[in-house]
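[1] Got a sequence here, can you model it:
(2 chains)
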Amino acid sequence: MAYIHLNENLPGIRALFDFRPETAEPLCRLADVLLHQPNSLSRAERELIATYVSSLNDCRYCQTAHGAIAAYQLDGNESIVAQVKRDYTAAPISDKLKSLLIIAGKVQRGGKQVTAEDVENARRFGATDMEIHDTVLIAAAFCMYNRYVDGLGTWAPEDIETYKPRAAVVAEGGYNRIPSDIRNQQATAAR
Amino acid sequence: MAAHHLQGDEALVLETKRSPQKAPISGKLKALLAIAGKVQKSGKRVTSEDIEAARREGTTDIEIHDTVLIAAAFCMYNRYVDGLATWAPDDPELYRQPAAQLAIEGYLVSTDHVSAVATGQQG
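    Residues are numbered from 1 along each chain as shown, chains lettered A, B, ... in the order given. Reported below is the predicted structural model:
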């Protein structure tokens, strides 16, 4: 049971978007800019950063949902997602992404943990200012989303299969559509 | 910002930062600050007892929701500001004027103001 009166048919952050549409809009716009809109980092790379930070924060809903979106962007390769969560240093991903995951992991513990050496290291692997900026903000944003989802006691399905249909919709259509999709879903369910 | 909304009572802001449970603020706000403090550590730290305590002080669902989201959002803003090593003035006076303006105009206007200053149009 969630701590406030939510629509219990909706899991995780979707129940919160339904509860407070005024905050759903800007939260989805931020996620869309960070994870979906054009960027020199691929959508898969950005979803992997989000998934990794969510797993460090032990947020089941976010790590499973964004892991499913990352896998979708990787043509269904779930093993890369699992490897990044378990030990990204051994995962088959670029050195640049590894250097950005080091920064993301530090941001998860606290912004002050990031050092000039971490940023220098990412630059040596070709990371641009914008990529460093976006990595820090993705990691920071998931420290928000994870706390929001768990701090209000929302529920999360255990079976990854149940996340896949929504993951495909978000991977294709982006995050901005989520609030209206939830409204339409609720309207259909009410009929 | 908080002091501005409190008619300039900076002592109350300091006291609330130092020991929220002893500060001269409402029982309701104390209960919400207890929840916010847990959210800062992790969303999973919040318990149904924390929520019950807040409800006993008369908080609504929206107030509990907004407290959790404000606390979570500042876990983002703080990491964003420090993770990219931005600089911050030491002198509290330098924050008072912008705070007064923000308190009146809200936060959306301020992003326009920042772009204007950055492009040298004013400020």
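[2] Quickly note the distance from B:Q97 to chain A.
    Relative to chain A, B:Q97 is positioned 26 Å away (C-beta to the nearest C-beta, to the nearest Å). (C-beta placed from N, C-alpha, C; glycine too.)
[3] what about that residue, how many residues close to it?
    Using other C-beta atoms under 10 Å in any protein chain shown, B:Q97 has 9 neighbouring residues.
[4] Stretch A:92-111 and chain B, any residue contact?
    Yes. Counting by C-beta under 8 Å from any C-beta of the partner chain, chain B has neighbours in stretch A:92-111: A:103, A:106-107, A:110-111.
[5] most neighbours, which of those residues?
    Neighbour max across these (other C-beta under 10 Å) = A:V107, 31 neighbours.
[6] Which members of the residues of stretch A:92-111 next to chain B are the farthest-apart pair?
    Greatest spatial distance among those (C-beta to C-beta): A:I103 and A:G110, at 12.4 Å.
[7] Show me what from chain A comes close to chain B.
    Counting by C-beta under 8 Å from any C-beta, chain A sits next to chain B at A:3-5, A:16, A:19-20, A:23, A:57-59, A:103, A:106-107, A:110-112, A:114, A:116, A:132-133, A:136-137, A:139-141, A:143-153.
[8] from these, which would you call buried?
    A:3-4, A:16, A:19-20, A:23, A:57, A:59, A:103, A:106-107, A:111, A:114, A:132, A:136-137, A:139-141, A:143-153 (16 or more other C-beta atoms under 10 Å in any protein chain shown).
[9] so where's chain B uncertain?
    By pLDDT under 70, the low-scoring segments of chain B are B:110, B:112-113, B:117, B:120-123.
[10] If we use 80, what do you get?
    Within chain B, the stretches with pLDDT under 80 are B:109-123.
[11] show me where the chain has helices.
    Since you didn't name a chain, this refers to chain A. Using DSSP state H, the helices of chain A run over residues A:12-19, A:21-31, A:43-56, A:60-73, A:78-87, A:95-109, A:116-124, A:129-151, A:164-173, A:178-190.
[12] Wait, chain B was what I had in mind.
    Counting by DSSP H, one finds helices in chain B at the ranges B:2-5, B:10-18, B:27-41, B:48-56, B:61-83, B:93-105, B:107-118.
[13] Please find the angle between the direction vectors of the longest one and helix A:12-19.
    Just to be clear, that refers to helix B:61-83. Orientation of helix B:61-83 against helix A:12-19 (axes from the mean of the first three to the mean of the last three C-alpha atoms, to 10 degrees) gives an angle of 120 degrees.
[14] what residues does chain B put near chain A?
    Residues of chain B that fall close to chain A, judged by C-beta under 8 Å from any C-beta: B:35, B:38-39, B:42-44, B:46, B:48, B:51, B:61-62, B:64-66, B:68-69, B:71-73, B:75-85.
[15] and if we set it to 7 Å?
    For chain B, the residues in contact with chain A (C-beta under 7 Å from any C-beta of the partner chain) are B:39, B:42-44, B:46, B:48, B:51, B:61, B:64-65, B:68-69, B:71-73, B:75-76, B:78-84.
[16] Could you pick out the buried ones from the residues you listed?
    Counted by 16+ other C-beta under 10 Å, the residues of chain B next to chain A give B:39, B:42-44, B:46, B:51, B:61, B:64-65, B:68-69, B:71-73, B:75-76, B:78-84 as buried.
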